[in-house]
Structures are given as C-alpha cells and as structure tokens.
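Asker: compute the structure for the input listed below.
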Amino acid sequence: MKRSKKEVLDADFAAARAGVLDVAAFLDRVDRGEGEADFRYHALMDVLPLLSASGPGRVRAILEALSYRDDTVPETAAAKAACGAPNLSK
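Answerer: Predicted coordinates for the structure are as follows:
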C-alpha cells in the first residue's frame, strides 16, 4: 500500500531535517577551514540544486553525479577507497 505524502512527512521529516542540517554544518566547517577546497566540495555544491528538483529521481541523479565514471583506478589514487566524487578537474 502506497503511503500518503502526509504519512511520509509524519514518519520521515525529522530524519530529513537532520540530514539537511548535517550537510549545512559540514559546509560551514569547510568554509571556516583554511586553504582551497578540492573537487569533492565543488562536486557536492554542484548537486545541491538537484535536491529541489521536482519529481522522483533525485537520489539516482545525485548518486550518478557523485560517482566515479571509469572502470580503471587512477595511478594517483591515494587509497583503494572511493573518495565520493569524480575528480573532473583533471
């Protein structure tokens, strides 16, 4: 059974609010930091407008925008772990 918009808001609003506040706090910490932000900051800033897009598909669009698009691991990779955003500045 599909839930109503009100039911979804009643159940999940507090968690969504916390998530938005967490992102805002993260961005404030980055802005207070010294030096220049790297590609991850810019990638995150680029996807923020997708949050206000209408209709379904936000998660997929954001995940694809923040995903590495190549099957090969760059030789310059510092670790095997993903960094969370493609470095398009290369």
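
Asker: Gly55 sits in which helix or strand?
Answerer: Gly55 is part of no helix or strand, with elements assigned from DSSP states H and E.

Asker: which helix runs longest in this protein?
Answerer: Counting residues, the longest helix found in the chain (DSSP state H) is helix 5-32.

Asker: for the next helix or strand after that helix, packing partners?
Answerer: Following helix 5-32 in sequence order, the next helix or strand is helix 39-47 (DSSP H and E). If you count contacts as 3 or more C-beta pairs under 8 Å, 6 or more residues apart in numbering; DSSP states H and E, helix 39-47 packs onto helix 58-65. Quick note: C-beta positions are derived from backbone N, CA and C, even for glycine.

Asker: list the contacts of the helix it packs on.
Answerer: Helix 58-65 is contacted by residues 43, 46-47, 50-51, 53 when judged by C-beta atoms under 8 Å, 6 or more residues apart in numbering.

Asker: between the residues you listed, which is nearest Pro86?
Answerer: Using C-beta to C-beta, Ala43 comes nearest to Pro86 of the contacts of helix 58-65, at 6.9 Å.
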